[in-house]
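In: Got a predicted structure here, sequence first:
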Amino acid sequence: MKTNQFLALLEAHPNKSLLFEYQLGQFVPKAYHITEIKNVYIESVDCGGRASSERRTVVQLWHDGKEQGDYMTGSKAKGIFDIVNKIKPLLPETTIYFEYGSETMNTSHFEVQQTLEEDDRIVMQLYVQPPVCKPAFELEMACGPGAGSGCC
């Protein structure tokens, strides 16, 4: 999901609760905070020696461990994005990621798998993209130590 698509969803549903499901049936708890919105620029070199770069938006979700309050609404979340955009312009065409972790779960960057628009809530169903050997995946070549492919 692109950042501008997420913002349009919030705009279209200002009064609905915004929930983040990071695993089937597992949600970021009520009263979470959006603590940071990051414009991220990544430069990398894959194991085949190919350089690449990408930009992304990363939204950090935080919960203090207390179940007080309720889920954030679309308008509350959109208001936070509006404040950030005035100070540091957002990158609307970039993929949006949600960063979350807890005492019992390592912090991860989640992508949006799908959204569920229900009567009173929006559920962002998230997933973690597993690592992949890009040359083997993109070029359909053998990859790995000793494979003769030039990969590490």
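Out: Yep, that arrived.

In: and the closest residue to Phe6 other than its chain neighbours, what pLDDT?
Out: Of all residues not flanking Phe6 in the chain, Ile96 sits nearest, at 5.1 Å (C-beta to C-beta, 6 or more residues apart in numbering). For glycine as for every other residue, the C-beta is placed from the backbone atoms N, C-alpha and C. On the pLDDT scale, Ile96 is placed at 98.

In: go on, Pro145?
Out: pLDDT, read off for Pro145, is 60.

In: host element of the residue nearest to Phe6?
Out: strand 95-102 (DSSP states H and E).

In: Check Ile42 too.
Out: strand 33-45.

In: Report the central residue of this structure.
Out: Tyr97 (1.5 Å; C-alpha atoms, centre = their mean).

In: Spit out the contact partners of that one.
Out: For Tyr97, the contact set (C-beta atoms under 8 Å, 6 or more residues apart in numbering) comprises Arg56, Thr57, Val58, Val59, His109, Phe110, Glu111.

In: Listing partners with orientation, what would you give for the host helix or strand of the second one?
Out: This means Thr57. Assigned by DSSP H and E, Thr57 falls within strand 51-62. Note on strand 51-62: by DSSP bridges, its sheet partners are strand 33-45 (antiparallel), strand 95-102 (parallel).
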